[in-house]
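Colleague: Quick one: sequence plus predicted model below, questions after.
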Amino acid sequence: EHEVREGINLNFSIETKRVSDSEYVPMFSPDSTRISSVKSASIHAIGRFSWDESVNRNYFNKTYIYTKYPIIYLDFSYAPNKVFSHNYGYTRIEAKIVYNLSIPPIGTSYIDISGGKIFGKVPYTFLKIHEGNGTYFFDPQAFACMKYYEFSSDQWVQLFYSHNFKGFFLGKIPLLKRLKWREVVSLRMAYGSLTEKNNGTNFIDNSGINTNAEKIKAYMLFPKGMTSLHTPYVEIGAGITNIFKIFRIDCFWRLTHREVYNNIKPTNFSVNFGFDFKF
């Protein structure tokens, strides 16, 4: 890790990964051969760029506190072919912008926009598996109504947007204003695509037969229910924070991909509970 100058930080690493299958998410090749694990070795570089940012420093690390300007991340990974006993290579490029936009007197917006692309043919475990949330716990970086392993892409863009009104409405209601609750709304979107060489969609009909098997050119079959984001995924949310100073509760509604797919019913509404220590 190296700080080139104030606001420009670079991180370099060498990573190795082994992803093993399980009874819940088995891994199969297109000819239905069971795959016990897949491996990867890659070179990884991340650049972080900020402007006029407050930073708390000590002997060994630093904590980023606040900037009124957007923060930009660039993420590059390269996995050469024929290394670590795997016979595939890929390049993965991602970019991300994070921005806390203050809009007095109606609160603050948090904006997180990211996108990326994977060059090469890879097992689905190294694709972009969009972040689902199968729990009742609040996760600001996951889609509340999306299941685990529901969507994957090798080219994608995502948006996480939330706005905290900081009591702009509830603070004007008698009695409620004493609780100092803060209202928040959210919008989360994702859109992606899959090239044919990485599309392992495993569509099972009512008789249990994979009707797509002969067309699959990917290394591995997708878990049942996983598919590409051929149309944008959208969910919205509304919630209350600062409950007893530390708790929050959010309700989310799924606006797209609401139909039953591959005999799996989607989650169209979710309630999440969490902690929020922003006083």
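Modeller: Received the coordinates, thanks. Keep in mind the model is a prediction, meaning the values are calculated, not measured.

Colleague: Name the residues of stretch 103-115 that come out as buried.
Modeller: Within stretch 103-115, the residues that count as buried by 16 or more other C-beta atoms under 10 Å are G107, T108, Y110, I111, D112, I113, S114, G115. For the C-beta atoms, the positions are set from N, CA and C on the backbone; glycine is no exception.

Colleague: How about stretch 68-76?
Modeller: Neighbour-count burial for stretch 68-76, counted by 16+ other C-beta under 10 Å, picks out I71, Y73, D75, F76.

Colleague: out of these, which one sits closest to I43?
Modeller: Distances from I43 to these, taken as C-beta to C-beta, are shortest for F76 (8.4 Å).

Colleague: which strand residues sit across from that closest one in the sheet?
Modeller: Judged by DSSP bridges, the bridge partners of F76 are A45, I93.

Colleague: That one and F12 touch, don't they?
Modeller: No - contact criterion C-beta atoms under 8 Å: F76 and F12 do not qualify, at 9.9 Å.

Colleague: anything in contact with each of those two?
Modeller: Residues touching both F76 and F12 (C-beta atoms under 8 Å, 6 or more residues apart in numbering) are H44, A45.

Colleague: residue boundaries of the strands in the stretch 101-250 of the chain?
Modeller: 108-119, 128-129, 152-153, 155-164, 182-193, 233-243, 247-254 (DSSP state E, counting those that start in this stretch).

Colleague: out of those strands, deepest packed?
Modeller: strand 152-153 (a mean of 25; mean count of other C-beta atoms under 10 Å).

Colleague: just checking, what packs against it?
Modeller: On a contact count with 3 or more C-beta pairs under 8 Å, 6 or more residues apart in numbering; DSSP states H and E, strand 152-153 meets strand 128-129, strand 182-193.
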